[in-house]
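# Any chance you can model this:
(chains A, B, C and D)
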2 protein chains.
Amino acid sequence: MWTLYTSTLDKENMEKIAKRSTYRHGDLHRALLEAAIELARKGGKNAIVLREVTRQAGVAPNAAYRHFEDLGSLLRAVSMAAQAQLADAMEKELATVKPSGNKAEDARARLRAVGTGYLTFAQSEPGLFRMAFSEHADMSNATHPASTGHGGLTPFQILSGALDDLVSAGELPAERRVASEFLAWSAVHGLAMLLIDGPMRGSGQAQAEALGQRLIDMVERGL
Amino acid sequence: MWTLYTSTLDKENMEKIAKRSTYRHGDLHRALLEAAIELARKGGKNAIVLREVTRQAGVAPNAAYRHFEDLGSLLRAVSMAAQAQLADAMEKELATVKPSGNKAEDARARLRAVGTGYLTFAQSEPGLFRMAFSEHADMSNATHPASTGHGGLTPFQILSGALDDLVSAGELPAERRVASEFLAWSAVHGLAMLLIDGPMRGSGQAQAEALGQRLIDMVERGL
DNA sequence: AGATTAATGTGTACAGCGTCCACAAATGCT
DNA sequence: AGCATTTGTGGACGCTGTACACATTAATCT
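You can find the predicted model right below:
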């Protein structure tokens, strides 16, 4: 006989815990990943606790080891999923840019949208955003398929595309194009971090948004 | 009778563990803080483990609770100490700027030095740098005395000073001065994070330095 | 179809963690 | 000298990640 586990947080989310009538779960890998993502969303990286993840999936703690080498491996998977969601947020913001007919103007608007989407996601999903850029080994997964959104691109690739457009629209000299991803990325990433984790945490959304637009102005001028 | 604790890492740093012949330690608060700082320096935030800190100080785990409310309190203290060290690194870099007689040129050079010091510290002490900007409640300790370097200023205040100089040298319009700390800070902070934790970790120091200077160029142009 | 192998989940156990409580030892105050 | 306060100890509790042996089910091969 095997028993089902119950969460310590059962009071409010008992209904979320997957009950199961078969010995095999069926799709435990996905269930674990989704539970972990949800925990990260609500409580940040420290909230991802292997035993709680398995509790929510309705399996014994050790079952996780059949699908992830260890906790770090699960965290990396969450990180990539978070990048994918970030990519979606960026593309969603990109989609709001209506072509004006002016190629240069549109390219700039798209770059701005990329930055705005990044900042918006960071503030609306701080837990996931933090996960997106921790636990990396190198920049290899900046182009890893698991980190892509529905458009098939990672956040890094979306930004690269916007910068390429800027060049072909004649708004960015080619000699400044190289490695400019890192410059734009740094600025927006830094503001995102300072807004959610850093010393300007707690400043209102209006103030944050205004600051975000000024930051993007700075990048546009300075690139 | 009371026994002294020994670290699990005794093999190589037995000599570092404070032995003690008196029941009272004498300066345990400082000893704990310094041990925690050292752990953060070597292994990052996750390496700060209360029991290991007390082991290195040669006291029982619970002794820490006479000097810090809990682990979080100790982490905040380390964070402030890290900010202080960052301030020192920035001031050290500032000190290398020789006055040229040209006020405008000097103000720009000092702003660049502030950014360079920031980036240099982040790369030479990544563990401490990460601690400096985590575990904050708000921006109140951006000006907290415990976060100041030997010059009596926090990193934030040093940056503010450099920007004020830029204005009085006529190199930055006054209407752009307001909140410009956050713009400059964001850019440099973001690059620092991406260099040490993010996807461009592992890129050589030369490349990082070149990128840093290009980023500072961008800020100068775009502010 | 039946047997064997592989995949997946369980149970038990261990060391380490942060923290609570009661107690011991040293210091400071009147 | 006596007492109150501060500082450190010892033991316990519930939690964590994970190793190992075992149980159950699904897949593969005769």
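# My guess is A:A57 contacts A:H25. True?
Yes - A:A57 lies in contact with A:H25 (Cβ atoms under 8 Å); the separation is 7.0 Å. (Glycine included, C-beta is placed from N, CA and C.)
# how about the helix of greatest length in chain A, does it reach DNA strand C?
For chain A, the helix with the greatest residue count under DSSP state H is helix A:71-95. No - applying Cβ under 7 Å from any atom of the strand, one finds helix A:71-95 separated from DNA strand C by no less than 13.1 Å.
# which parts of that helix are buried?
A:71, A:74-94 (16 or more other Cβ atoms under 10 Å in any protein chain shown).
# out of A:A57 and A:H25, which sits in the more crowded spot?
Neighbours per residue (other Cβ atoms under 10 Å in any protein chain shown) separate A:A57 from A:H25, with A:A57 holding more: 26 against 18.
# Tell me the residues of chain A that contact DNA strand D?
Contacts of chain A with DNA strand D, taken as Cβ under 7 Å from any atom of the strand, map to A:1-2, A:8, A:22-24, A:49-52, A:61-62, A:65, A:70-72.
# correct me, but A:R20 touches A:A31?
No - applying Cβ under 8 Å as the test, A:R20 and A:A31 come out as separate, 9.8 Å apart.
# In stretch A:119-136, which residues are buried?
Result for stretch A:119-136 [16+ other Cβ under 10 Å]: buried residues A:119-123, A:125-133, A:135-136.
# In PDB, could you pull the C-alpha coordinates for it?
Output in PDB follows, covering the C-alpha atoms of stretch A:119-136 (Å, rounded to 0.1, in the frame of the first residue of the first chain):
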ATOM      1  CA  LEU A 119      10.400  45.700 -17.400                       C
ATOM      2  CA  THR A 120       6.700  45.000 -17.200                       C
ATOM      3  CA  PHE A 121       7.400  41.300 -16.800                       C
ATOM      4  CA  ALA A 122      10.000  41.900 -14.100                       C
ATOM      5  CA  GLN A 123       7.500  43.900 -12.100                       C
ATOM      6  CA  SER A 124       4.400  41.700 -12.700                       C
ATOM      7  CA  GLU A 125       6.300  38.400 -12.100                       C
ATOM      8  CA  PRO A 126       9.200  39.300  -9.900                       C
ATOM      9  CA  GLY A 127       9.700  35.700  -8.600                       C
ATOM     10  CA  LEU A 128       9.900  34.300 -12.100                       C
ATOM     11  CA  PHE A 129      12.000  37.100 -13.400                       C
ATOM     12  CA  ARG A 130      14.600  36.500 -10.700                       C
ATOM     13  CA  MET A 131      14.700  32.800 -11.600                       C
ATOM     14  CA  ALA A 132      15.200  33.600 -15.200                       C
ATOM     15  CA  PHE A 133      18.700  34.800 -14.600                       C
ATOM     16  CA  SER A 134      20.100  32.800 -11.800                       C
ATOM     17  CA  GLU A 135      21.600  29.300 -11.800                       C
ATOM     18  CA  HIS A 136      23.100  29.700 -15.200                       C
END
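# For A:I158, what is the enclosing helix or strand?
If you go by DSSP states H and E, A:I158 is part of helix A:155-168.
# Averaged pLDDT, that helix. What do you get?
Averaged over helix A:155-168, pLDDT sits at 98.
# roughly how far out does the helix or strand that that helix is followed by sit from the chain middle?
For helix A:155-168, the following helix or strand on the C-terminal side (DSSP H and E) is helix A:174-177. Distance of helix A:174-177 from the chain centroid (Cα atoms, centre = their mean, to the nearest Å) equals 28 Å.
# Tell me the buried residues in helix A:174-177?
Within helix A:174-177, the residues scored as buried using 16+ other Cβ under 10 Å are A:R176.
# And stretch A:41-60, by the same measure?
A:41, A:44-45, A:48, A:50, A:52-59.
# just stretch A:157-167 next, same as before
Applying a neighbour-count criterion of 16+ other Cβ under 10 Å, one finds A:Q157, A:I158, A:L159, A:S160, A:G161, A:A162, A:L163, A:D165, A:L166 buried in stretch A:157-167.
# Helices of chain A, residue ranges please.
With DSSP H as the criterion, chain A has helices at A:10-13, A:28-43, A:50-57, A:71-95, A:103-124, A:126-132, A:155-168, A:174-177, A:180-196, A:205-222.
# Lowest average pLDDT across these?
Among these, helix A:10-13 carries the lowest mean pLDDT (a mean of 39).
# can you pull the contacts of A:S186?
B:A187, B:V188, B:G190, B:L191, B:L194, B:L215 (Cβ atoms under 8 Å, 6 or more residues apart in numbering or on different chains).
# Just put those in a markdown table and tack on distance to A:E171 and neighbour count.
Below are the contacts of A:S186 laid out as a markdown table (distance: Cβ to Cβ, whole Å; neighbours: other Cβ atoms under 10 Å in any protein chain shown):
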| residue | distance to A:E171 | neighbour count |
| --- | --- | --- |
| B:A187 | 20 | 29 |
| B:V188 | 25 | 25 |
| B:G190 | 22 | 26 |
| B:L191 | 23 | 29 |
| B:L194 | 24 | 23 |
| B:L215 | 20 | 24 |
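# could you pick out which of the buried residues of stretch A:157-167 are near DNA strand C?
Applying Cβ under 7 Å from any atom of the strand to the buried residues of stretch A:157-167, none is adjacent to DNA strand C.
# Could you point out which of the helices of chain A sits nearest B:G115?
With Cβ to Cβ as the measure, helix A:180-196 is the member of those nearest B:G115 (11.3 Å).
# per the record, what domains does chain A have?
A:23-66, A:81-222 (automatic domain parsing).
# Tell me if I'm right that A:R108 and A:L166 touch.
Yes - under the criterion of Cβ under 8 Å, A:R108 makes contact with A:L166 at 7.0 Å.
# Which residues of chain A lie near chain B?
Counting by Cβ under 8 Å from any Cβ of the partner chain, chain A comes close to chain B at A:133-134, A:136-139, A:141-142, A:156, A:179, A:182-183, A:185-194, A:197-202, A:211, A:214-215, A:217-223.
# Distance-wise, check A:A132 relative to A:A95.
Computed with Cβ to Cβ, to the nearest Å, the distance linking A:A132 and A:A95 is 21 Å.
# A:S79 too?
On the measure of Cβ to Cβ, A:S79 and A:A95 end up 25 Å apart.
# Over to A:H29?
From A:H29 to A:A95 the distance is 31 Å (Cβ to Cβ).
# go on, A:F68?
34 Å.
# now do A:S124
From A:S124 to A:A95 the distance is 17 Å (Cβ to Cβ).
# Check A:Y118 too.
According to Cβ to Cβ, A:Y118 stands 15 Å off from A:A95.
# Kindly report the same for A:A36.
The value you get for A:A36 to A:A95, if Cβ to Cβ is used, is 29 Å.
# how about the nearest residue to A:L163, chain neighbours excluded?
A:S180 (5.5 Å; Cβ to Cβ, 6 or more residues apart in numbering or on different chains).
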